[in-house]
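A.B. asks: Whatever this is, show me its structure:
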Amino acid sequence: MVLGLKSLVARGLVLTAGLAAMGAHAQSSPYYFGGGLGVTQVSNLYRPSTNANSDTVATATLLAGLDQGLGRGRVFGDASLQNNRYRRNGDLNNQSYALKAGLDWATLERLSGTVSGSRTRALANYNVGSGVAVISKKNIEDNSAFDTMVRLGMVTRYSFEATAGYRSRSFSAIEYASLEYTQKRASLGLYFQPSPALRLGLSPRLSNTVYPRYTLPNGSFQRSESRRTDLDLTGRWVPNDISTVDARLSTGKSKLTSGVGRDFSGVTGRVSWNWKPSARWSLNTAVSRDTGLETSIFATSIGNLSSDQNRITTAVQVNGRYDLSSKIALMAGTSWAKTDRTDEFLTQRAEGYDRDTSVNLSARYQYSRGVQFSCQITRQARGSSTPLYVYAANSYGCSGQLIFN
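C.D. replies: Model prediction:
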C-alpha cells in the first residue's frame, strides 16, 4: 500500500512545516507556532480503475511545538491541526491532526533513554488493494503509538538497549476493517562499536499482533492473533564524511495463536544509504523486504504501508535534493513496491500481487527563517492481479507557511 495523493496534501504540508519550524526554533526560542495554506489538484480522487473523479482540495494548517532542554535531557512536542475542504466532493471535508510528544533523559551514570507517543487522524487512502474493497465514501483513519527505550553504556564499546512499544490503527469505514490492528512489541539488544565508523548490534525481538476483524476469502470477519519472534543483526557504517549505510538482517517466525491467518518463516531486512557528496547535493536510497506491519518502505514515519501477515513486500525508494541557493531547493523521489499475497481458508487458496510505483518532484523557496513556499507534482500508479485495483493518478499543488518563534 502506498500513501495516496489525497493524504499527502495534508500530511506533506504538516511534515514540511514541522521540519522548517524545528530548524527555526532550534536557533532561538524553544517554542514555535504558525500556520500554512495549501491547494492541490488531484486527477483520480477515489483511485478507481475507470471513470476517474478529479477534485481540488484546500488545506489550512495550524502548528505549534517546543524543543526544550531539561537538565541532562530535553522535552519535545509538535502539534498540527488541519481543515481540509474539497471543491466538488464536500462529503469528504474533514479535520485532521497530528500530535507527538516525548522526553529524552539521561542520568549521571550510563543510563539514558527516550519516551515518546503520537496520535494522528486523517482521511484514509483510497483503493489500497490487497483484498480491500474499493469505496468512494468518507473514511477516517486513526493511528496511535507509544515507544520507550532504555540504554546502558555510553562511553564504552559495548552498550545494551531495551525497547518496548505499542501501536494501533482503526478506520471509520467497515470495508477497511481487515486493516485494523493493535500490536505490542519489545526487544533487547547488545551493541558493539569497534571504531567510530562502525556499529554492530544483535537483538532478539518479540511482537504480538491482533487483527480484530481479519477478512476471510468468503467476505466474513474473524479475530486473528499472531506472535512473531525475530533475531535482528543490525549495523551502521560511516566510511567517510559523505556516506552513511544502515542495515538490518532478520530471521524470524510468525505463529498464529488464535483465529485464522497464515504463519510466516523466513529472512527479511532493510538497507539504506545516505549520500551527501557536497553541501548542495544529497541522496537517500532504501531497499527492504518484509511482511505485514514490519514492512518499512519509507524513511519517514507518516504511516504503515501494509498490515497483514499474508503479504510479502519488497520495496525500493530513492530521494534526492539539490540546493540551488541558500533559499531555493529542488527535490525529487521515486518508489517501487512489489507485494505478493496469499489468502487461505479451509481448502481455498488464492494468490495475488500488487505493484505500486510513485514519482514526485517539488521545489521550495525559503524567503526567511519563518516564511516558506513550496510546489510539488506527483504521479502514482498500480498494476495488480486484480483488475479492480489497477489505477493511475496525478496531483499538483502549492503551499505556504508562516512560523513564529
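A.B. asks: Give me the residue ranges of the protein where confidence is low.
C.D. replies: 1-28, 130, 154-155, 215-219, 261, 292-311, 342-350 (pLDDT under 70).
A.B. asks: do that again at 50, thanks
C.D. replies: Where the chain drops to pLDDT under 50, the residues are 1-26, 296-309, 345-346.
A.B. asks: all helices of it, in order?
C.D. replies: Assigned by DSSP state H, the chain shows helices spanning 5-25.
A.B. asks: What residues of stretch 119-134 count as buried?
C.D. replies: Neighbour-count burial for stretch 119-134, counted by 16 or more other C-beta atoms under 10 Å, picks out 120-132, 134. Every C-beta, even on glycine, is put in place using the N, C-alpha and C of the backbone.
A.B. asks: Straight-line length of stretch 275-286, end to end?
C.D. replies: Start and end residues of stretch 275-286 are separated by 12 Å (C-alpha to C-alpha, to the nearest Å).
A.B. asks: Report the buried residues of that stretch.
C.D. replies: 282-286.
A.B. asks: Strands - which of these land there?
C.D. replies: Those of these mapping onto strands are 282-286, per DSSP state E.
A.B. asks: Who is the nearest residue to V245 once chain neighbours are set aside paired with across the strands?
C.D. replies: What sits nearest to V245 in space, not counting adjacent residues and going by C-beta to C-beta, 6 or more residues apart in numbering, is W237, at 4.6 Å. Assessed by DSSP bridges, W237 has beta-bridge partners L198, V245.
A.B. asks: which residues sit in contact with W237?
C.D. replies: Residues counted as contacts of W237 (C-beta atoms under 8 Å, 6 or more residues apart in numbering) are 197-198, 244-245, 247.
A.B. asks: Over to V287?
C.D. replies: Contacts for V287 were tallied using C-beta under 8 Å, 6+ apart; they are 270-272, 315-316.
A.B. asks: Just the buried residues of the residues you listed.
C.D. replies: Buried members of the contacts of V287, counted by 16+ other C-beta under 10 Å: 270, 272, 315.
A.B. asks: Wait, the first one touches A247, no?
C.D. replies: Yes. The pair R270 and A247 qualifies as a contact (C-beta atoms under 8 Å) at a distance of 7.1 Å.
A.B. asks: then stretch 105-119 to PDB, C-alphas only?
C.D. replies: The C-alpha coordinates for stretch 105-119 follow below in PDB (Å, rounded to 0.1, in the frame of the first residue of the first chain):
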ATOM      1  CA  TRP A 105      16.600  11.600  29.600                       C
ATOM      2  CA  ALA A 106      20.000  10.700  31.000                       C
ATOM      3  CA  THR A 107      21.500  10.100  34.400                       C
ATOM      4  CA  LEU A 108      24.900  10.900  35.800                       C
ATOM      5  CA  GLU A 109      25.900   7.300  35.200                       C
ATOM      6  CA  ARG A 110      25.500   5.400  32.000                       C
ATOM      7  CA  LEU A 111      21.700   5.200  31.700                       C
ATOM      8  CA  SER A 112      19.800   7.200  29.100                       C
ATOM      9  CA  GLY A 113      16.600   6.700  27.200                       C
ATOM     10  CA  THR A 114      13.600   8.100  25.400                       C
ATOM     11  CA  VAL A 115       9.800   8.000  25.900                       C
ATOM     12  CA  SER A 116       7.500   9.200  23.100                       C
ATOM     13  CA  GLY A 117       3.900   9.000  21.900                       C
ATOM     14  CA  SER A 118       1.900  10.100  18.900                       C
ATOM     15  CA  ARG A 119      -1.600  10.300  17.700                       C
END
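A.B. asks: Count the neighbours of the nearest residue to G73 once chain neighbours are set aside for me.
C.D. replies: In space, G73 comes closest to W105 once its chain neighbours are excluded; the distance is 4.0 Å by C-beta to C-beta, 6+ apart. A total of 16 residues lie near W105 under the criterion other C-beta atoms under 10 Å.
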